[in-house]
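In: give me a model of this one.
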Amino acid sequence: MTQEQPKKKIGRPKKATTDPRVQKRPVGRPKGDAMIINEYKQRMLASPKSRKVLDAIFEAALDNEHKNQAAAWKLVMDRILPVAAFEKDVTSGAARNAIQINITGVGTTEITQEPQEPLDGEYTEDDDS
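Out: Numbers count the residues shown, from 1 in each chain. The predicted structure is shown next:
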């Protein structure tokens, strides 16, 4: 009974087999995360305290004296503002962020220049060339 030994591969081994730092990582969220997020979302919507939380956020956003007014504005605007409606590239498939600045004038500007008197000065020609 002889055990068959695997044939030795010729050439340099792949980095993934020799380097423990290089490992295949799965792409995307771990399995089960989508279910956990959906359960959490359902729990938040079904909670009787959800309405109180939303009311407190809206009250803070509308109160000019509240110390967290800016944070409340951001929470509200991140959920309400339709960002995709402002990005034309998203609907065309390019999905690039861009800044566009348009500067237009109201009327024409008239530039006038008064005649100037000649300046007095001395001039010498250098012969160093």
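
In: next, count neighbours for residue 61.
Out: 18 (other CB atoms under 10 Å). All C-beta spots, glycine's among them, are computed from the backbone N, C-alpha and C.

In: so who does it touch?
Out: 69, 72, 73, 75, 76 (CB atoms under 8 Å, 6 or more residues apart in numbering).

In: gap between residue 125 and residue 118?
Out: 19 Å (CB to CB, to the nearest Å).

In: residue 73 now?
Out: From residue 73 to residue 118 the distance is 62 Å (CB to CB).

In: check residue 45 too.
Out: Counting by CB to CB, the gap from residue 45 to residue 118 is 83 Å.

In: save the contacts of residue 61 as CSV, and put in pLDDT and neighbour count too.
Out: Output for the contacts of residue 61, formatted as CSV (pLDDT from 0 to 100; neighbours: other CB atoms under 10 Å):
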residue, pLDDT, neighbour count
69, 92, 15
72, 92, 18
73, 90, 14
75, 87, 16
76, 86, 16
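
In: pLDDT on the strand or helix carrying residue 54, on average?
Out: Using DSSP states H and E, the element containing residue 54 is helix 50-62. Regarding helix 50-62, the rounded mean pLDDT is 91.

In: re earlier: closest to residue 17 out of the contacts of residue 61?
Out: residue 75 (48.4 Å; CB to CB).

In: report the residue spans of this protein with pLDDT below the cut-off.
Out: 1-3, 16, 20-26, 82, 84-98, 105-106, 109, 127-129 (pLDDT under 70).

In: can you give me the strands for it?
Out: Along the chain, no stretch is classed among the strands by DSSP state E.

In: and the helices in it?
Out: Applying DSSP state H to the chain gives helices spanning 15-18, 33-46, 50-62, 69-80, 83-86, 88-92.

In: I'd like those as a markdown table, with distance to residue 4 appended.
Out: A markdown table is the format used below for the helices of the chain (distance: least, CB to CB, whole Å):
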| stretch | distance to residue 4 |
| --- | --- |
| helix 15-18 | 21 |
| helix 33-46 | 44 |
| helix 50-62 | 65 |
| helix 69-80 | 63 |
| helix 83-86 | 61 |
| helix 88-92 | 58 |
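
In: wait, what's in contact with residue 54?
Out: Applying CB under 8 Å, 6+ apart to residue 54 gives no contacts.
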